[in-house]
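**Student:** following is a predicted model, sequence given first.
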Amino acid sequence: MRKAILDTNIISYFLRGNAAVVNKLSQYSQFYTALTFSLLTYYEIKSGLLYKNASNLLTRFEELASESEILPLSLTTMNIASDIYADLRQQGLLVPPIDILIAASTIEFNALLVTANLRHFTIIQNLDCENWAE
């Protein structure tokens, strides 16, 4: 099984007990000891939970994060993201900047992006993604 980088929505579904996501991550854990996600996903989840004052979910997320591999942003990530942005703009396509950066991290680490939002990601060249929430 290929190493997966989890998008924000997949972690959110996992924290809320979505059966499909929990099942896929259980299968994944037979091959990898830690979950992997971007520093940007950490920010999106934590800021959203703080805003909603969801202290129980925040505690669960912080425990999950402490056991996970959180990918930093690097100059390589920024260069890949810049290429993605330019390519999409030339095609007249818009994708939120955070999604472009998450995609760039996934490409940088030659991983599979796991997301429930295929619409934003399937248009990005050299990015493999799957929806584990179905």
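**Tutor:** Ah, there it is. Numbering: from 1, shown residues only.

**Student:** can you tell me the strand partners of the helix or strand where I70 lies and which way each runs?
**Tutor:** According to DSSP states H and E, I70 maps onto strand 69-71. Using DSSP bridges, strand 69-71 pairs in its sheet with strand 36-38 (parallel).

**Student:** grab the longest helix from the protein for me.
**Tutor:** Looking across the chain with DSSP state H, the single longest helix is helix 75-90.

**Student:** give me the distance from the following helix or strand past that helix to the chain's centre.
**Tutor:** For helix 75-90, the following helix or strand on the C-terminal side (DSSP H and E) is helix 97-108. On the basis of C-alpha atoms, centre = their mean, to the nearest Å, helix 97-108 is displaced by 8 Å from the centre of the chain it belongs to.

**Student:** what lines up beside the helix or strand just after helix 97-108 in the sheet?
**Tutor:** Per DSSP H and E, the first helix or strand lying C-terminal to helix 97-108 is strand 112-114. Here strand 112-114 has these sheet partners by DSSP bridges: strand 4-6 (parallel), strand 128-130 (parallel).

**Student:** now do strand 112-114: distance to the chain's middle.
**Tutor:** Relative to the centre of its chain, strand 112-114 is centred 7 Å away, using C-alpha atoms, centre = their mean.

**Student:** now it: mean pLDDT?
**Tutor:** Strand 112-114 shows a mean pLDDT of 98 in the predicted model.

**Student:** so what touches that strand?
**Tutor:** Under the criterion C-beta atoms under 8 Å, 6 or more residues apart in numbering, residues 2-7, 10, 24, 102-103, 106, 121, 127-132 lie in contact with strand 112-114. To be clear about C-beta, it is placed using only N, CA and C from the backbone, and glycine gets the same treatment.
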